[in-house]
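K.L.:
Below: sequence and its predicted model.
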Number of protein chains: 4
Amino acid sequence: MTGNSLGERFVVTSFGESHGREIGIVIDGCPAGLEVAASDIQRELQRRQPTGELFSTQRKEADQVEISSGMFKGHTTGAPIHLSVSNLDVRSEGYEERRHTPRPGQADLVARLKYGGHEDYRGGGRFSARVTVGFVAAGAVAKKLISTIGMEVYAHTVEIAGVHAGKAPPDEEAKAARGNVLSCADSQAAEKMTEAIADAKKRGDTLGGVVEVVATGVPVGLGEPVFDNLDGDLGKAFFSIPSVKAVEMGAGFQSAKMRGSEYNDPLMVREGKVHSPTNNAGGITGGLSNGQPIVCRIALRPPSSIAIRQTTVNIQTMSEQPLSIKGRFDACVVPRAIPIVEAMMATVLADHSLRAGLIGPVLSNS
Amino acid sequence: MTGNSLGERFVVTSFGESHGREIGIVIDGCPAGLEVAASDIQRELQRRQPTGELFSTQRKEADQVEISSGMFKGHTTGAPIHLSVSNLDVRSEGYEERRHTPRPGQADLVARLKYGGHEDYRGGGRFSARVTVGFVAAGAVAKKLISTIGMEVYAHTVEIAGVHAGKAPPDEEAKAARGNVLSCADSQAAEKMTEAIADAKKRGDTLGGVVEVVATGVPVGLGEPVFDNLDGDLGKAFFSIPSVKAVEMGAGFQSAKMRGSEYNDPLMVREGKVHSPTNNAGGITGGLSNGQPIVCRIALRPPSSIAIRQTTVNIQTMSEQPLSIKGRFDACVVPRAIPIVEAMMATVLADHSLRAGLIGPVLSNS
Amino acid sequence: MTGNSLGERFVVTSFGESHGREIGIVIDGCPAGLEVAASDIQRELQRRQPTGELFSTQRKEADQVEISSGMFKGHTTGAPIHLSVSNLDVRSEGYEERRHTPRPGQADLVARLKYGGHEDYRGGGRFSARVTVGFVAAGAVAKKLISTIGMEVYAHTVEIAGVHAGKAPPDEEAKAARGNVLSCADSQAAEKMTEAIADAKKRGDTLGGVVEVVATGVPVGLGEPVFDNLDGDLGKAFFSIPSVKAVEMGAGFQSAKMRGSEYNDPLMVREGKVHSPTNNAGGITGGLSNGQPIVCRIALRPPSSIAIRQTTVNIQTMSEQPLSIKGRFDACVVPRAIPIVEAMMATVLADHSLRAGLIGPVLSNS
Amino acid sequence: MTGNSLGERFVVTSFGESHGREIGIVIDGCPAGLEVAASDIQRELQRRQPTGELFSTQRKEADQVEISSGMFKGHTTGAPIHLSVSNLDVRSEGYEERRHTPRPGQADLVARLKYGGHEDYRGGGRFSARVTVGFVAAGAVAKKLISTIGMEVYAHTVEIAGVHAGKAPPDEEAKAARGNVLSCADSQAAEKMTEAIADAKKRGDTLGGVVEVVATGVPVGLGEPVFDNLDGDLGKAFFSIPSVKAVEMGAGFQSAKMRGSEYNDPLMVREGKVHSPTNNAGGITGGLSNGQPIVCRIALRPPSSIAIRQTTVNIQTMSEQPLSIKGRFDACVVPRAIPIVEAMMATVLADHSLRAGLIGPVLSNS
């Protein structure tokens, strides 16, 4: 495959550009008999569009999903599922002029060099975060699929602008994922984060942050040694989200500072079952799910498009020149990333559930 | 593919278990005409076996590589390259007794559940770090391959036991990768790290650490949007190394704390070429190499096998029992990880160089 | 991948059902910089719809292609190319009643069993020959791509209803491919074939036939040993066309009757180059293209939908019952198959040209 | 993947050359818990070496299989299974002299051009039929695997030198597959075939033939629409066998001459089940297995190496010169092809049984 497909048994193939006619995804391998409504997908797409004053300057898209194949009478058929969304709020003027002054931090220059100048450069083209519309749509189907064996996924905000959210009980974290604009379970921290975003926005600057994503109800044994292990496939999927610069599983970087006697999650018995009181492994041992919740943290860098003046190069004249980007951009990428991160995790878990034979090629009709 | 192959154009397929007859790898897709000597591979395998008092209790293997196909007259032929190493220093006694008391932190229990008890459990079987012998052998060929277009890879130690190495010039870091037991460019820090390892060893405990790996001479445009981007494929490859719990690119987790105006690497002109004075992106923009050095940091958790007493479950009687592991284990995984991390990076870069058409299917005969 | 994608470097992913909203294909891996017009694709789609009295009862579709991604300013961008066609002339009534009396020779029954009754059964759903709309659209792009290195593909009819076309010069065969309704270079044979089709149509019966497809201008060395050899990949692609029951390369079944001294194409010198006066190998030696024209013959069984009364089983009552199919069906599948067979060959040749590095990831801008 | 792997869930990766140290295969994806003995594999390898006067001049190899990973206590473990055989009876002298006079019909010339002269040319190198040792070894495991769900595979000779075997009952055909040197169920035809082979051998010439391969006990629904259909994957696998020039399913080329009313296999009821009295479809409808036996016929061209004088080109001097090949070659490829054809069919059926979820990732321990 050549870069626009992900997965082995639940395979998603992405297509579309920021300013093209539509953007979408084809899912191949979803078992027949899964009940999916357009509203299941629509709900997730809506979560990708944060509302409120902080996000008032963004591109506005209805993002109405169209399911054009692979569904019949409200169920999947086993055939490829084609999901797409039209690009409507497209303003392509201005790109021609900016063509020769690539934006720092964006793919403008590398894309131009890689594709010999043939790339669609309008609005970031294929490199725009708009491709994640397809990720989220596929993730909505994946979530339905893994829920048939009891798995659920939620993400929440744990850090923005250096403000860390305090640890909350899983229930509250899960609720936060859907409950507030920042998807942060610590309301005090959320308040400070909101202030920081408002401040950055006012200054024409941007902020990154850290998202934690958790899967519960995970069966033992997802993942394949030695190369398609679960952490590897999750890591790859997360890095496909624009702006992601780091991924950690369980104790992550902290585990590098621990001694074995601290790190190892003891095996104990609770209610007749093997149980670990800690989860430093983040639910993954030897590349396989171990039955505990899977916990990953993902670092997102700040969006590159800033109004603050920066330096770039006019690649025709090869002279440096200042650049101040005007437009409809996010001051902080985190809120929008929440459902995307969830979608990628659900997609990987769906794929590995099928690989492990935990979900069959046909779901029962009931 | 089903989990034991990695790559699209430079494809490695791993085989072998810790206590089986041999361990190795098949490389498919290496262009014809690459000059490779067995000594090129042997040298890397030797680096995987740290020497000195700190590592004196480890399993001792000659790890003599055998090239049994794909090479002719000192050059690759374009056919699959089969590389293997015999397992000689195998002591399989004791595994039968320990069968029902899985080691915390190891894959013992999950493997048993995943494979219905059919797994080869001797010495960790397929989950042993011994599989990385094959990774390193393939990486040696990959290094030769990418060197034909000027790319080089080195890794060095930046943290052990909470001791951080000070930043050194790239030259010194690269030298450290091959120069001392800990592959650490900061000799003062290395001394403290050594003490910490000696101390942990004495106590029957283990230590993790952080490795930084750098690729230089990287052409622009390696990586494919949107799913096979370079960071995603590197991340996946690194997570396939046992003990890796986190991966970051460039500024990584630090980037989550930065503002866009701080993070963006400015585009400037130096000697008539586009140049960035900083490298927060770690050489990867929009999932593609941008021509700067690629810089990743990898966190390794401490080895799970500790002499210190821990708690496990006898899964036959379902009762908790103490466990104190005796054997030939590493007190710190970092020194051994250095050439493995390099190998995985070289393997991914070789794959993407072929995908991008920067290396053709036949190298010139000169 | 899970069955709806084909290829390694020029990857096509099919989607859509006979009576769904649209049918189409996503091409991933087409190099940037290829000039493609919608009319290039439209022309091929038109060839898939034979006209004239013999075909007057068929479903009528405009089959207007929509290119919704991967193209910009008349050139490919290197991003996925999304091609689709709306299904307009859809008459889905009647399928509910026929649901329990599967048509002999069709996939009705096996699809129902495979997908647990969830399949879209209207008009054959995913098993309809209508999916070949996507094949032909992708093939049109593939033809443009391989023409950049001088390759061309044509198919012509060599047998219908036991009537064999006499051997004609390549030029006439190539012209026939586009010149007449039956794409047959032997006008006398064509006349007899036409009569046979008219006769079958009148009787409510159907006919199969044999198509020969030829690629010219083929470079040496396309194909990979040992499993992705060129004949294997061509064979697989041809068998993906509904109704294909046999594929032969060069002398094919006839070669089984030959002695080595007859079969071997001698190597001789002509105009300073190696040349063979015969082409029993059909342009493929050891799984690789040898520089001669590639010649394959494909046998198509007669369409299954016949007005003549046949026997089927009501699978609810498990009783036999007669079946006489009314509807809009082809009396002979061959004319429509011509551009489909060409498309599959072009798609495989495009894929292998990219694999062999004969076409780079970016075409020159001229 | 790059040409030396086949399959999606039961993946075989081939390695080794004719005159290298060893030849073999790695199987990835075989479920854990399958009982396999070395003798299961050895028996099949022996069938690949026909004995008797007709074959007395061939290379003699013990072909003792070594299983070096993926097996433990007599069962598969779920890890890659590494199977290899040493090359012992190697006579590499003479190849250097013959280097510049490629043999007509062989891959000598195309391989040299494809690999820039780096290929291992001794004994045909990677293009030698000796690679089928690995195919047969993998096929032996595949046969064991599919037998767990009741599938069996047998091949028999239906044509050599224009002599056709009369149709025999399936039992006799299956017995013939293992019973006599030619694997032909028609003893009278076999006698004539034997004479023809003896005659060809005496003259220094060679013969092709046709093999029929049958799978019984096939469940409904193997194969994926639209590209990985069962006929396509079988066809691809058969074409990977050296010398195969044509493949037909069921009525094959004959179906092109039939009317729909003749071709369609009626659906009837027998003993309460759907049943077809004919099998023109060869067990495959719409690309899926339909529950009837799968029947394919494979045409093999005569071996290229003949003692009879032929014409080739000295590619250094670019002058034509006569060539008469001395050596240890088969006069007829068919007897040796029987177990190879079976192996490829079993391998494809194993792969699709896993894809369809009919065999799980772990077999019960009983």
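P.N.:
That came through, no problem.

K.L.:
now the closest residue to chain B within the stretch 51-200 of chain A, nearest residue through space, not along the chain?
P.N.:
Closest to chain B within the stretch 51-200 of chain A is A:Ala107: 2.6 Å, counting by Cβ to the nearest Cβ. Bear in mind the C-beta positions are built from the backbone N, C-alpha and C, glycine included. Nearest non-adjacent residue to A:Ala107, counting by Cβ to Cβ, 6 or more residues apart in numbering or on different chains: B:Gly286, 2.6 Å away.

K.L.:
my guess is the residue of the stretch 51-200 of chain A closest to chain B meets A:Phe127, correct?
P.N.:
Yes: shown here, A:Ala107 and A:Phe127 form a contact pair, counting by Cβ atoms under 8 Å, at 3.9 Å.

K.L.:
can you map out the strands along the stretch 151-300 of chain A?
P.N.:
Using DSSP state E, counting those that start in this stretch, the strands found in the stretch 151-300 of chain A span residues A:152-160, A:163-164, A:209-216, A:244-249, A:268-270, A:273-275, A:284-285, A:288-289, A:294-300.

K.L.:
Of all those strands, which one is nearest chain C?
P.N.:
The nearest among the strands of the stretch 151-300 of chain A, by Cβ to the nearest Cβ, is strand A:244-249 at 20.4 Å.

K.L.:
which residues touch A:Asn290?
P.N.:
The contact partners of A:Asn290, by Cβ atoms under 8 Å, 6 or more residues apart in numbering or on different chains, come to A:220, A:281, A:283-284, B:109-110.

K.L.:
follow-up on the earlier one: now do the shared contacts for A:Ala107 and A:Phe127.
P.N.:
B:225, B:286-287.

K.L.:
Can I get these in TSV including pLDDT and neighbour count?
P.N.:
Shown next, in TSV, are the shared contacts of A:Ala107 and A:Phe127 (pLDDT from 0 to 100; neighbours: other Cβ atoms under 10 Å in any protein chain shown):
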residue	pLDDT	neighbour count
B:Pro225	91	26
B:Gly286	97	26
B:Gly287	97	27
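
K.L.:
Is the nearest residue to A:Arg112 once chain neighbours are set aside part of a helix or strand, or is it coil?
P.N.:
With sequence-adjacent residues excluded and distances taken as Cβ to Cβ, 6+ apart, A:Arg112 is closest to A:Glu119, at 6.3 Å. Put simply, A:Glu119 is coil when judged by DSSP: H, G, I helix; E, B strand; the rest coil.

K.L.:
roughly how far apart are A:Glu119 and chain D?
P.N.:
To chain D, A:Glu119 is 27 Å away according to Cβ to the nearest Cβ, to the nearest Å.

K.L.:
Same check on A:Arg59?
P.N.:
Taking Cβ to the nearest Cβ, one finds A:Arg59 at 37 Å from chain D.

K.L.:
which ones are touching that residue?
P.N.:
A:89, A:328.

K.L.:
Would you confirm that it belongs to a helix?
P.N.:
No: the assignment for A:Arg59, made by three-state DSSP, is coil rather than a helix.

K.L.:
Quick one, grab the pLDDT at it.
P.N.:
pLDDT, A:Arg59: 77.

K.L.:
contacting residues around A:Thr312?
P.N.:
Counting by Cβ under 8 Å, 6+ apart, the residues that A:Thr312 touches are A:101-104, A:320-323, B:266-267.

K.L.:
Need the three-state assignment for it.
P.N.:
strand.
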